[in-house]
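**Student:** Take a look and give me a structure for this.
(2 chains)
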Amino acid sequence: MKPTDISAPDYFHKVVDCQWACPAHTPVPEYIRLIAQGRYSDAYMINWKSNVFPGILGRTCDRPCEPACRRGRVEETPVAICRLKRVAADFKDDIKQRLPHPGPKNGKRIALVGGGPASLTVARDLAPLGYHCTVFDADPQAGGMMRTQIPKFRLPDSVIDEETGYILSVGVEFKGGHRIESLKKLMAQNYDAIFVGSGAPRGRELDIPGRKEAASNIHIGIDWLSSVSFGHIDKIGKRVIVLGGGNTAMDCCRTARRLGGHDVKVIVRSGFEEMKASPWEKEDAISEDIPILNYLVPVSFNHDKGKLTGVTFQKVRAEYDAKGRRSLVPSGEPDQTFACDDVLVAVGQENAFPWIERDCGIEFDKWGMPKVDPKTMASTNPKVFFGGDAAFGPKNIIWAVAHGHDAALSIHRLLSGEDIKERPLPEVHVTSQKMGIHEWSYDNDVSTEKRFKVPHRDKVVALKDIRAEVELGYDVKLALGEAHRCLNCDVQTVFSTPLCIECDACVDICPMDCITFTKNGEEADLRQRLKAPALHPSQDLYVSPDLKTGRVMVKDEDVCLHCGLCAERCPTGAWDMQKYYIEMTHAGSSCPTKSRSAA
Amino acid sequence: MTYIAKPKFHHPGLPKNDLGYTRRDYEGKISTLCAGCGHDSITAAIIEACYELSIEPHRVAKISGIGCSSKTPDYFLGNSHGFNSVHGRMPSVLTGANLANRDLIYLGVSGDGDSASIGFGQFAHSIRRGVNMTYIVENNGVYGLTKGQFSATADRGSKSKKGITNTDNAIDLVAIALQLGATFVARSFSGDKSQLVPLIAAAIRHKGASFIDVISPCVTFNNHAGSTKSFDYVREHNDAVNRLDVLIGREPITVDYAPGTVQVVEQHDGSRIALRKIDADYEPHDRVGAMTFLQKHAAKGQIVTGLLYVDPDAEDLHEHLNTVEKPLNRLEADDLCPGSAVLDKFNAGLR
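**Tutor:** Reported below is the predicted structural model:
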């Protein structure tokens, strides 16, 4: 293998698994260390800069970081990254003074359609640069689906008010109760750029016999959730069936439990394991006495004199073809009927762009989705950009934020007369953490604690009040314990070939057998010859140039604990622990070229 | 010296031996020696060898004297018996322990100061008596604990860190061990675990006095140009006569050796050593030949490593003394005092 080029910004970025997996690339270990130090405001601001909604995401994020967390490959469970983010939001001081100030206006006007996370991110990135950003939303308040579809017992209004408030305070104009009915009309108002962040607002229908006849007791999940959110609906029948296995279904069933549903069950077509809902959301539903029944395909709504009486299901089983593709085939058992008073349909969401005229320069594909460049977020109309669920279909908040940053950068470059396809490199700092002979400026003593549970409100109390937040969040002590579980993967092991005397000290001390000195070879061959098997090909090998004996140093990055013992036991300082900090390029980043500061 | 303990986590793919232990289960406390010390590599090699042999840790007694090397038993086999004795007195303590309980595996860990200076006589007598043990000398040629004076194994003409030339002749412990009748004699290098680990494993399985001299660079005081015990010097002058694989049990030798290059030595306990010859003419059963070979190469400034001599049918001290099979420390009053009837019979035999 060729020697690893550690100056490529991506190399060390990939080692920080959580940050690499995060669509917005939030510097996770950095803010977790700040939490451990009690510097909650600093931790919050790192998050705020990167993911815009730390308090909201700390309660609701889909957490792609956690399955990626190295800790999950070392022991059973990853670090509770998401809930630590909430700690930063919960315990911070007043940070208003640290928000960017609205800059002098540059005379350029941006229209943003939809007041959800994608549009708000674009507005937050652009407003401080002097752009006049106007956000339009049909709802009276900003927040989009974060406000209307996520139940208040998971995400209180106060958190949404606070964090959308920060964005509006940097000089963003919000026009609530103002639905955009025609893109053409909006374009006619001569905005310099338009951003579409209108989400995926339409709940998918379930068109089976009885749907029309029993319509008064069959509700589309996301519409029903927003009606609950606005207070238009405050009760439901005693027996409720929720159809669908995603996170919306989980929100529906738990909301139903709080509005008078005693016998609430979730029924899904697929197996329990393949459900789209996050495992922790399924857990929360089950703990509220909501059974989840699987392999049942709804075939009809049963009704009597216009009133829903139940739902009939066909029993299926999963079959896999040679390529591992699953199909659900009838199991041959008799159909099963469940009696109920109400049904909530949460079988997916769809995009809908009835307000975009098809002749305004935006091309759509055969599925009715706009053609959007995934890097620049630009549509085929150079002045119109898309982001969030509106761009590529339903994803989640953190993806909407990532889209927002990319779109804002494109808009800024476009309106500065620059090529939007050219994306400036991120800013990277690599700094030695050595303080003394065996002292590092990070806590390298690896904690063996198991993941700490987040305290929950008493179930009886929680189920009585739809606005009572179920999760109470970590207290300071639990947060400290959880923060110590972080392995500091951003503190990188950096190897200097000329200093190495090949004494084997690092090989002998490494608790995870990451380091091997051996003859070089092709990657597949080299992976076989390491001191411990290299289990994950997606995890890179760090290979040095040739050493004095003609061998090379090979480090499997996979399960490195970043404990720094290799560097402590190295007699010549050939190993050093260096903190890698990457700042993703946002609109207006001051340093558009590659920068590297030496240790 | 390191401040934090080695984390308890280990690689998820770490294999287990026949006893269900991983290599990590054979570790001891974290080393307090200088970073990069060759002794730590020897520690790692002992751990590896004991893991590979599936040795039950409580069946091992590790005994040492004084010095950097003699600190190392604290860093391996944390669940074994240990005795850190007076300077140079490890061989006596080991001999005594071995006589009292012949069932344990004895690891004598010593250094060049401990064995070639203050304990030179002790070393000599334990070897000539054929005590069943693995005697490892971690040989760095300097007194590291007292700031790097030449030790008795430092080569004449080699230079200290400050540039002073050694004018005394060196003691070659391997030559002495051969001369005194050790039945397993080897030399190796701390920086070459692929050679060292099987040597230690074979020595542990050997019945009789096994002696391994391991050159172990002192990174703090003896790893400079002019030293003959530095990483660079040993790597340049290492003349390995063979490499070996230890085979336990009866399974056929499956490793693919080129014809004529391998010599299988079966030891007393049934374990076999497959010796891959590097020097085609080297004969590891010839004590006199080994001594000559060693002297010739030493004169050329070469460091001969590998398994230099082995007598697979060796006898140990207990056989020489004709002691009972049962360890002496487990003999009860009934065993030691068989009663007046036996005494009468015995006395009758003398009349």
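**Student:** for the stretch 51-200 of chain B, what spans make up the helices?
**Tutor:** B:68-71, B:90-100, B:112-116, B:120-129, B:173-179, B:193-205 (DSSP state H, counting those that start in this stretch).
**Student:** how about the nearest residue to the closest residue to chain B within the stretch 351-500 of chain A, chain neighbours excluded?
**Tutor:** Nearest to chain B, among the residues of the stretch 351-500 of chain A, is A:Val446, at 4.0 Å (CB to the nearest CB). C-betas here are computed from N, CA, C, even on glycine. Counting by CB to CB, 6 or more residues apart in numbering or on different chains, B:Pro7 is the residue found nearest to A:Val446 once chain neighbours are left out, at 4.0 Å.
**Student:** Who are the contact partners of residue 76?
**Tutor:** You didn't pick a chain, so chain A it is. A:450-451 (CB atoms under 8 Å, 6 or more residues apart in numbering or on different chains).
**Student:** nope, chain B
**Tutor:** Contacts of B:Phe76 by CB under 8 Å, 6+ apart are B:26-28, B:43, B:46-47, B:50, B:62.
**Student:** So of those residues, which two are at opposite extremes in space?
**Tutor:** Largest separation among those by CB to CB: B:Glu27 and B:Lys62, giving 13.1 Å.
**Student:** more crowded one of the two?
**Tutor:** Counted by other CB atoms under 10 Å in any protein chain shown, B:Glu27 and B:Lys62 do not tie: B:Lys62 has more neighbours, with 26 against 21.
**Student:** Excluding covalently adjacent residues, which one is nearest to that one?
**Tutor:** B:Pro73 (4.0 Å).
**Student:** Please tabulate the helices of the stretch 51-200 of chain B in a markdown table, including the columns distance to chain A.
**Tutor:** As requested, the helices of the stretch 51-200 of chain B are arranged in a markdown table below (distance: least, CB to the nearest CB, whole Å):
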| stretch | distance to chain A |
| --- | --- |
| helix B:68-71 | 14 |
| helix B:90-100 | 24 |
| helix B:112-116 | 19 |
| helix B:120-129 | 27 |
| helix B:173-179 | 23 |
| helix B:193-205 | 7 |
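**Student:** Out of these, which is the most enclosed?
**Tutor:** Each of these was scored by mean neighbour count; the highest is helix B:112-116, a mean of 30, by mean count of other CB atoms under 10 Å in any protein chain shown.
**Student:** Would you mind listing the outside residues contacting it?
**Tutor:** Helix B:112-116 is contacted by residues B:64-67, B:69-70, B:87-88, B:90, B:122-123, B:137-141, B:143, B:151-153, B:171, B:173 when judged by CB under 8 Å, 6+ apart.
**Student:** The residue of the stretch 251-351 of chain B found nearest chain A in helix, strand or coil?
**Tutor:** Per CB to the nearest CB, B:Thr305 is where the stretch 251-351 of chain B lies closest to chain A, at 15.4 Å. Three-state call for B:Thr305 (DSSP: H, G, I helix; E, B strand; the rest coil): strand.
**Student:** State the distance from it to B:Gln195.
**Tutor:** Per CB to CB, to the nearest Å, B:Thr305 is found 7 Å from B:Gln195.
**Student:** just A:Val554 next, same as before
**Tutor:** 21 Å.
**Student:** repeat for A:Val311
**Tutor:** In this structure, A:Val311 and B:Gln195 are 73 Å apart, going by CB to CB.
**Student:** got the helices of the stretch 51-200 of chain B as a markdown table, with mean pLDDT columns?
**Tutor:** Rendered in a markdown table, the data for those read as follows (pLDDT from 0 to 100):
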| stretch | mean pLDDT |
| --- | --- |
| helix B:68-71 | 96 |
| helix B:90-100 | 97 |
| helix B:112-116 | 96 |
| helix B:120-129 | 97 |
| helix B:173-179 | 97 |
| helix B:193-205 | 95 |
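**Student:** okay, these in TSV with distance to A:Ala391 next?
**Tutor:** TSV is the format used below for the helices of the stretch 51-200 of chain B (distance: least, CB to CB, whole Å):
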stretch	distance to A:Ala391
helix B:68-71	64
helix B:90-100	74
helix B:112-116	72
helix B:120-129	78
helix B:173-179	74
helix B:193-205	55
